[in-house]
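Participant: Next comes the sequence, and after it the predicted model I'd like to discuss.
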Amino acid sequence: MDENKKTPAKNSFLELVKFAAIAFIIVVPIRYFVAQPFVVSGLSMFPTFNDGQYLIIDELSYRFHPPHRGDVVVFHYPKDKSKYFIKRIIGLPGETVVTKNNSVTIKNADHPEGFVLDEPYVSRAVDGNVTSKLGADEYFVLGDNRPASSDSRYWGNLPKDLIVGRVYLRLLPFSRIGILPGENNNY
């Protein structure tokens, strides 16, 4: 009879171990290869993102297609790869970006004379005059709150391999939950 009493306990323990193993097998790859949490620190992306907002970063999409102009991305800071930054992609590989007179002009093969970006998300105007030619795997990124942003104007172009992923979901605050916040006029 003692053996019968131990069997349900053993079965329960084995079921718990199986459940934990399955959860581990599912959660770990998702966390390290598909999505990652990120908490905004600072006001460089204000008003799009505020200090302390909780985001989920999509790490998978850029394995299938390149980043687009206007995407909000999280990346390793080029000067200290242990730090993460959040900025908006402004310039794409092969383009020339010119910041001058409180505007951003993009020059590329389709627009050799350049076109001025319409940036409704910008909190305050661009300060400083910068011209940057982007290489084959480089991006020019700026914060939406330009005077409070350390970005490509100061430390140069962002290599593609430092991009962790694009902001996919804003979870906190609850009043601003949204998919692809910061894109498609969803600020």
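Facilitator: Arrived safely, thanks for sending. Worth saying up front: this structure is predicted, and the values here are computed from it rather than measured. Numbering: from 1, shown residues only.

Participant: Can you give the distance from the helix or strand containing Y154 to the centre of its chain?
Facilitator: For Y154, the host element (DSSP states H and E) is helix 152-155. Its chain's average C-alpha position is 17 Å from that of helix 152-155, according to CA atoms, centre = their mean, to the nearest Å.

Participant: Now do the buried residues in that helix.
Facilitator: For helix 152-155, the neighbour count (16 or more other CB atoms under 10 Å) marks 152-153 as buried. For the C-beta atoms, the positions are set from N, CA and C on the backbone; glycine is no exception.

Participant: helices or strands up against it?
Facilitator: Contacts defined by 3 or more CB pairs under 8 Å, 6 or more residues apart in numbering; DSSP states H and E place helix 152-155 against strand 80-91, strand 130-133, strand 138-142.

Participant: can you list those in JSON lines and add mean neighbour count and mean pLDDT?
Facilitator: Output for these, formatted as JSON lines (neighbours: other CB atoms under 10 Å; pLDDT from 0 to 100):
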{"stretch": "strand 80-91", "mean neighbour count": "19", "mean pLDDT": "94"}
{"stretch": "strand 130-133", "mean neighbour count": "15", "mean pLDDT": "92"}
{"stretch": "strand 138-142", "mean neighbour count": "25", "mean pLDDT": "96"}
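
Participant: What lies in contact with the helix holding Y154?
Facilitator: With contact meaning CB atoms under 8 Å, 6 or more residues apart in numbering, helix 152-155 is reached by 77-79, 87, 90-91, 97, 99, 128, 130, 132, 139-142, 158.

Participant: will you turn the helices and strands packed on helix 152-155 into TSV that also has distance to K18?
Facilitator: Converted to TSV, these look like this (distance: least, CB to CB, whole Å):
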stretch	distance to K18
strand 80-91	35
strand 130-133	54
strand 138-142	44
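
Participant: To V167, which of those lies closest?
Facilitator: Closest to V167 of these is strand 80-91 (CB to CB; 7.0 Å).

Participant: Mind picking out the helix or strand in this structure with the poorest mean pLDDT?
Facilitator: helix 2-29 (a mean of 65; mean pLDDT, DSSP states H and E).

Participant: Perfect, I'm done here.
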